[in-house]
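A.B. asks: Predicted model and sequence follow; I will ask about them next.
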Amino acid sequence: MEKKKKLVVGIGVAAVVVVVAAIACVLIFGGEKKIETEEETLTTTQEAVETTTADPNEGKVISYLTGEYVEKKRASKRPVAVMYNNIINAIPHSGLSNAEVVYESPVEGGITRLMGIFDDYENLEKIGSIRSSRIYYCYFALEWEAIYCHFGQSKYALDFLQSDHIDNIGSYNAGNYFYRTSDRSAPHNCFTSGKQISEAIKSLGYSEKYSKDYKGKFRFSEPDSTVELTGNKDAVKVEIGYAINKPWFEYNSEDGQYYRYQYGDKHIDDQNNEQLHCSNIIVQFVNASIYPDGKSLNITLTGSGDGWFITRGKAEKVTWKKDETEGQTKYYDKEGNEITLNTGKTWICMVQNEYSDNVNMSK
């Protein structure tokens, strides 16, 4: 009986030992597996964080035209300044939505012409329609070290265009780098392409890089910050006051852009069906006179004058100053500081002083 009791106790102890050993194995090996899993999860999470926090602008530089980060090759390349026809027979425009800066100024008879400044144009299949040069547009182009593209010129611009003061692609020097379309009548059907412009630049031997001492024209905000004007002048709708095309801009607070209208409708680029828009508008009031031919406009761009800077739904008065004909125009706030623009595209409108009251801004 005693032996039988000892045997039962022995079996019980052995069973306990086996259970304890099994629990220990689970704790040791199962724990190690859990730890390994946690370490793997942590490593994966760290890799994901490193991937999502990588700087998307690494290797890029700030554009002279927009203040935005762009590829280094693009930022170092001289832009082209393309002369656009803006009479109603010449619209819709092609390729203009790719321009980072647009100038608008009156020419003869109250119509305006546009000049788009591009640093991203090589892949554009259709650019235009293109019209003839006016001398003051040459000076606009020089402020950006741009290669000026036009088809024809006024006689008051010809001597300057044929000098070594400006690199230009025109109907008299560029070979077969323009073409005519059949969708509209001449002279409103002259176009070019990004490929043709690039070929013309190489053929004419123009430098494709900015000069070493070029510092840009505008001062921009940091790419991740916003300029908010502090004045009380609302500028949600901006009417420029040109008599023929009657253009205006409407501000969209959701994306901070001014959307462009003219001839009573949206101003559209027919290459992508995109409405033209910009982050900044500058209105520059200028003096003008008529050349001896009795029709050609001569705009005075040197000296100083008044204007408006418009961005983010507000406007403030500015002054402008330009010391030399081939120099740069600078814009200053009421404290005399050079203005800071928001990053993005800019539209610059020349308005004769006698028509300054036609510029209207409202909510």
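C.D. replies: Alright, I've got the coordinates.
A.B. asks: Wait, a strand at residue 158?
C.D. replies: No: counting by DSSP: H, G, I helix; E, B strand; the rest coil, residue 158 is not part of a strand but helix.
A.B. asks: distance of it from residue 133?
C.D. replies: Look at residue 158 and residue 133: by C-beta to C-beta, to the nearest Å, they are 8 Å apart. All C-beta spots, glycine's among them, are computed from the backbone N, C-alpha and C.
A.B. asks: Which secondary structure elements does the helix or strand harbouring residue 286 sit against?
C.D. replies: Assessed by DSSP states H and E, residue 286 sits inside strand 280-290. With contacts taken as 3 or more C-beta pairs under 8 Å, 6 or more residues apart in numbering; DSSP states H and E, strand 280-290 sits against strand 297-300, strand 303-311, strand 346-352.
A.B. asks: Any chance you could list what contacts stretch 188-204?
C.D. replies: For stretch 188-204, the surrounding residues in contact (C-beta atoms under 8 Å, 6 or more residues apart in numbering) are 80, 82, 85, 87, 89-90, 94-95, 121-131, 147, 149, 151, 167, 169, 173-175, 177-183, 208.
A.B. asks: pLDDT at residue 154, what is it?
C.D. replies: pLDDT recorded at residue 154 is 85.
A.B. asks: ok, now residue 185?
C.D. replies: Here, the pLDDT recorded for residue 185 equals 91.
A.B. asks: Could you verify my assumption that it touches residue 89?
C.D. replies: Yes: if you go by C-beta atoms under 8 Å, residue 185 and residue 89 touch, sitting 7.1 Å apart.
A.B. asks: And the two? Which one has more around it.
C.D. replies: Using other C-beta atoms under 10 Å as the criterion, residue 185 and residue 89 rank with residue 89 on top: 11 against 8.
A.B. asks: who's in contact with that one?
C.D. replies: Each residue near residue 89 by C-beta under 8 Å, 6+ apart is listed here: 184, 185, 188.
A.B. asks: from memory residue 313 sits against residue 236, does it?
C.D. replies: Yes: Residue 313 lies in contact with residue 236 (C-beta under 8 Å); the separation is 5.3 Å.
A.B. asks: what residues are shared contacts of these two?
C.D. replies: Both residue 313 and residue 236 are in contact with residue 251, where contact means C-beta under 8 Å, 6+ apart.
A.B. asks: if you count what's nearby, which of those two comes out ahead?
C.D. replies: Applying other C-beta under 10 Å to residue 313 and residue 236 shows that residue 313 carries more neighbours, namely 20 against 16.
A.B. asks: so the spatially closest residue to that one that is not a sequence neighbour is in which element?
C.D. replies: Distances taken as C-beta to C-beta, 6 or more residues apart in numbering place residue 251 nearest to residue 313, at 4.7 Å, with adjacent residues excluded. Counting by DSSP H and E, the element that carries residue 251 is strand 248-252.
A.B. asks: If you count neighbours, what's buried in that strand?
C.D. replies: For strand 248-252, burial by neighbour count (16 or more other C-beta atoms under 10 Å) applies to 248, 249, 251.
A.B. asks: Okay, now the sheet partners of that strand, with direction.
C.D. replies: According to DSSP bridges, strand 248-252 has the following sheet partners: strand 237-239 (antiparallel), strand 257-262 (antiparallel).
A.B. asks: ok, and what's touching it?
C.D. replies: Contacts for strand 248-252 (C-beta under 8 Å, 6+ apart): 235-240, 257-262, 277-278, 281, 310, 312-313, 347.
A.B. asks: Weed out the non-buried ones from those residues.
C.D. replies: Buried positions within the contacts of strand 248-252, assessed by neighbour count (16+ other C-beta under 10 Å), are 235-238, 240, 257-262, 277-278, 281, 310, 312-313, 347.
A.B. asks: where along the chain do the helices fall?
C.D. replies: For the chain, the helices defined by DSSP state H occupy 2-25, 31-52, 72-75, 135-142, 155-161, 194-204.
A.B. asks: so what's the residue nearest to residue 313 bridging to?
C.D. replies: Beta-bridge pairing of residue 251 under DSSP bridges involves residue 258.
A.B. asks: so how far is residue 310 from it?
C.D. replies: 9 Å.
A.B. asks: With residue 345 instead?
C.D. replies: Distance, residue 345 to residue 310, by C-beta to C-beta: 13 Å.
A.B. asks: Pull up the overlap in contacts between those two.
C.D. replies: Here residue 345 and residue 310 have residue 280 as joint contacts, going by C-beta under 8 Å, 6+ apart.
A.B. asks: looking at it, residue 72 is touching residue 61, isn't it?
C.D. replies: Yes: with contact defined as C-beta under 8 Å, residue 72 counts as touching residue 61 (5.1 Å).
A.B. asks: Who has more neighbours out of these two?
C.D. replies: Taking other C-beta under 10 Å, residue 72 and residue 61 do not tie; residue 61 has more neighbours (14 against 11).
A.B. asks: What sits closest to that one if chain neighbours are left out?
C.D. replies: Excluding the flanking residues, the one nearest residue 61 by C-beta to C-beta, 6+ apart is residue 75, at 4.6 Å.
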